[in-house]
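K.L.:
Fold the following.
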Amino acid sequence: MEELLDVLYSGIANTRNWAVFCEKLCLFFRANSTTIISINQPFNQPKYAASYGISETTLTQLAIFLPNNDPRINIARQQPNQAHILNGNTPLYSNPNNLFSSSLIYKDILCHHNIEHHLILAINIDENEDVFLLLTRKKQQQAFTQTEKDKLELLLTDIKRAINIQKKHTNNDTYIRAGLNSLKLQPVGSIIANSNNQVFHCNDYAKAILEEKDGLFLLNNTLYQGNLKASSLLSSKIDLSLNADPENLVSIPRCNSAHPYQLMARPFQVRHTPFQGKQNATNMVHLFILDPDKDLNITTTLLQNIFGLTVSEAKLASTLTKHCNLKSTQNELNISANTARTHLKHIFQKMNVSSQVELVKLISTSYLWSSEQ
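P.N.:
Numbering: from 1, shown residues only. Sure, this is the predicted structure:
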């Protein structure tokens with residue numbers, strides 16, 4: 001049983017491993033074949049999750065009549081989460097011919113393969129899905145026993161849990177891929193790292209910066225600031241912990257340009273997995289990098305049209321995105337600190353943001369900017 005559970009939980013992240021679980025289940029119960037079928041409740045549509053010991057031809061034949069015409073599934077549906085033995089020695093089904101009297105095609109298919117003994121279990125996953133385990137033995141083999149029925153029921157909770165974890169994993173994997181694809185297309189550098197400076201993802205913009213090894217670079221997948229001659233971990237320059245200031249902005253000087261990189265960090269909490277201790281869950285951080293030498297082509301006209309900014313407000317928002325610093329922005333625009341703060345207050349209200357970090361992120365990650373100047 002322990003080996004069976006090891007296989008079960010090792011396969012939750014990959015649906016192909018359910019076939020391995022079917023094989024182990026078959027060996028554990030000394031069955032001739034094992035099949036796992038998932039049925040969508042609202043639409044009554046079945047699909048084979050995995051099988052072992054049964055040919056594709058036979059599966060195809062049985063699938064034509066699923067799920068309403070399989071008497072084994074109908075019986076299991078009536079009492080979900082409880083295993084059933086269907087063979088000639090079971091008092092309730094003393095005559096195996098009666099079991100298939102309403103579906104002779106099933107009797108013909110199974111008899112053709114000399115299958116007579118059945119052990120079935122229906123697992124209710126949620127309101128949208130039921131999963132059925134079908135174990136069979138040939139006529140000359142021993143019928144399933146009450147002890148084996150009890151053992152199958154003991155697996156119910158673990159199987160249900162593994163299926164639910166896999167469903168969550170599948171959804172998360174979809175969201176992660178969509179998110180990483182979005183980061184890849186952003187017109188700013190995006191790096192996902194942890195508080196220990198270990199990098200998990202960076203888009204093309206960020207890769208180009210890191211490859212220059214001037215101001216920021218990677219060594220053994222660890223983020224450093226500086227260059228190969230003089231460097232330190234990035235965390236010595238900017239706070240990567242969850243306690244970081246919301247306005248977590250720094251300038252990263254470089255030798256090949258008078259304009260330093262502008263870097264902002266937004267830490268976020270990562271939940272631990274069901275089989276991982278809380279002490280192993282660490283926070284991650286999203287790093288946004290702007291290279292002032294690369295023109296984002298953010299037009300003040302577009303900012304005015306999209307967010308209803310005035311000309312002065314649009315100029316401040318555009319320049320702030322380039323510098324990530326209000327003092328540098330007001331100096332370039334030749335306006336007073338009070339005027340800059342007044343414009344910024346109005347920009348926050350119109351663009352529905354509450355900080356300079358959110359403002360820069362909103363503007364710099366938009367796909368709306370044209371090439372017009």
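
K.L.:
secondary structure element for Arg177?
P.N.:
Under the criterion of DSSP states H and E, Arg177 resides in helix 156-185.

K.L.:
what about the strands in the protein?
P.N.:
33-40, 45-52, 84-86, 115-126, 129-138, 189-194, 199-202, 215-219, 222-226, 231-233, 249-254, 257-268, 284-290 (DSSP state E).

K.L.:
Which among the ones you listed is found nearest to Arg72?
P.N.:
strand 115-126 (5.0 Å; Cβ to Cβ). (Each C-beta comes from the backbone N, C-alpha and C, glycine too.)

K.L.:
For that closest one, enumerate the helices and strands it packs against.
P.N.:
helix 71-78, strand 84-86, strand 129-138, helix 146-154, helix 156-185 (3 or more Cβ pairs under 8 Å, 6 or more residues apart in numbering; DSSP states H and E).

K.L.:
at 10 Å what do you get?
P.N.:
Counting by 3 or more Cβ pairs under 10 Å, 6 or more residues apart in numbering; DSSP states H and E, the packing neighbours recorded for strand 115-126 are strand 33-40, helix 71-78, strand 84-86, helix 96-99, helix 104-112, strand 129-138, helix 146-154, helix 156-185.

K.L.:
Identify each buried residue in the last one, please.
P.N.:
This points to helix 156-185. Buried residues in helix 156-185, defined by neighbour count with 16 or more other Cβ atoms under 10 Å: Leu156, Ile159, Lys160, Ala162, Ile163, Ile165, Gln166, Leu183.

K.L.:
Check which helices and strands that helix sits against.
P.N.:
helix 2-10, helix 17-28, strand 33-40, strand 115-126, strand 129-138, strand 189-194, strand 199-202, helix 204-212.

K.L.:
now do 6 Å
P.N.:
When contacts are defined as 3 or more Cβ pairs under 6 Å, 6 or more residues apart in numbering; DSSP states H and E, helix 156-185 packs onto helix 2-10, strand 115-126.

K.L.:
weakest of those by average pLDDT?
P.N.:
For the helices and strands packed on helix 156-185, mean pLDDT drops lowest on helix 2-10, to a mean of 65.

K.L.:
quick one, the helix holding Arg177 and strand 33-40 angle?
P.N.:
Angle, helix 156-185 to strand 33-40, by axes from the mean of the first three to the mean of the last three Cα atoms, to 10 degrees: 60 degrees.
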